[in-house]
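**Q** Sequence and computational prediction follow.
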Amino acid sequence: MRILFMGTPDFAVASLKRLVEDGHDVCGVFTQPDRPKNRGMKMMFSPVKEYALSQGLSVYQPLKMRDGEALGIVQQLQPELIVVAAYGRILPEEILNAPKYGSINVHSSLLPKYRGAAPINWAILDGLDETGVTIMYMAKELDAGDIIHTAKTAIGIDETAQELTTRLAELGAQALAETVEMLAAGTAVRTQQDHSAHTYAPMLSKELSPIDWTRSARQIHDQVRGLIPWPCATTEVGGKRVKVFATAFGTETNAAAGTVVAAGKQGIEIACGDGKTLLITQLQAEGGKRMAAADYLRGHSVQVGV
């Protein structure tokens, strides 16, 4: 099938790669404009652009989607299908409706739950034990189009958002491949979403970072997992602010929430609001490197019982 692909981050690369490996005619790739990154502010290609160029695909990076330029490119390329995966731009209806088979999206949640920018993170932050991907027709309203195909997967109790993103990228690529086959065969079925059951997954912010130790151990554990790799959960240890990268469940305690119960080879054990403790096992001090909490304790004193 002749396909125009639109995507930007690592999550989208798996879908584009699958389309290429399945032998589809990827007539073009839309991705976000190059942006300056890191301390040197060097202009960096998106992961999708890097992969597309490695495969000799034509890359387009329109600054706007409604000034006619993007539509002109779509009309020139004449795709039979547009596939979108984490592109980061809202597409006007004239572009969505241009291809023969329409435009479909690879979304990393089981719609109608978690529409929006950060569905993977919020599934973990909310303590879910299952999520998945949805392939849907794109509509004017965000993530509200008819569903074509879904695939489910369990969320590991210690799995981070970064790890889950990698798995869902591959799951999404497989579901996309199956969906394109169904579209070509004329067997794809449209299922309208239950719009009354939708939830929203807004963009993450640093306001989500501070740990409230009066919450339960499970809630804090989920906060840590859900905010990796950014913005990361944060707390004060020994009077110093640290990012928390990994935690493990501890034991029961009568200590007040936020009290350091123990600090040693296992990590830094802190009392939570549900009468249980949580071990910080990996952290990063401001200006420092990510390390095991036990290594951090060799150079920093942490008072137990405070």
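**A** It's in.
**Q** which residues touch Thr8?
**A** By C-beta atoms under 8 Å, 6 or more residues apart in numbering, Thr8 lies in contact with 31-32, 46-48, 86-88. Just so you know, the C-beta spots here come from the backbone N, C-alpha and C atoms, and that holds for glycine as well.
**Q** filter these to the buried ones?
**A** For these, a burial check counting by 16 or more other C-beta atoms under 10 Å picks out 31-32, 46-48, 86-87.
**Q** tell me which of those is nearest to Val59?
**A** Thr31 (6.4 Å; C-beta to C-beta).
**Q** Could you pull out the strands in the stretch 101-250 of the chain for me?
**A** 103-107, 115-116, 130-137, 147-154, 200-201, 233-237, 240-252 (DSSP state E, counting those that start in this stretch).
**Q** which stretches of the stretch 51-200 of the chain have low pLDDT?
**A** For the stretch 51-200 of the chain, no stretch has pLDDT under 70.
**Q** Just give the nearest non-adjacent residue to Asp126, would you?
**A** Spatial nearest neighbour of Asp126, excluding adjacent residues (C-beta to C-beta, 6 or more residues apart in numbering): Asp222 at 7.5 Å.
**Q** Would you mind measuring from that neighbour to Glu163?
**A** Distance from Asp222 to Glu163, counting by C-beta to C-beta, to the nearest Å: 14 Å.
**Q** who has more neighbours, these two?
**A** Asp222 (22 against 16; other C-beta atoms under 10 Å).
**Q** ok, that one to Ala257 distance?
**A** Taking C-beta to C-beta, one finds Asp222 at 17 Å from Ala257.
**Q** do Ala98 as well
**A** Distance from Ala98 to Ala257, by C-beta to C-beta: 56 Å.
**Q** sorry, back to before: which of the strands of the stretch 101-250 of the chain sits most buried?
**A** For those, the largest average neighbour count (mean count of other C-beta atoms under 10 Å) is found in strand 103-107, namely a mean of 26.
**Q** how far off strand 130-137 does that strand point, in degrees?
**A** 170 degrees (axes from the mean of the first three to the mean of the last three C-alpha atoms, to 10 degrees).
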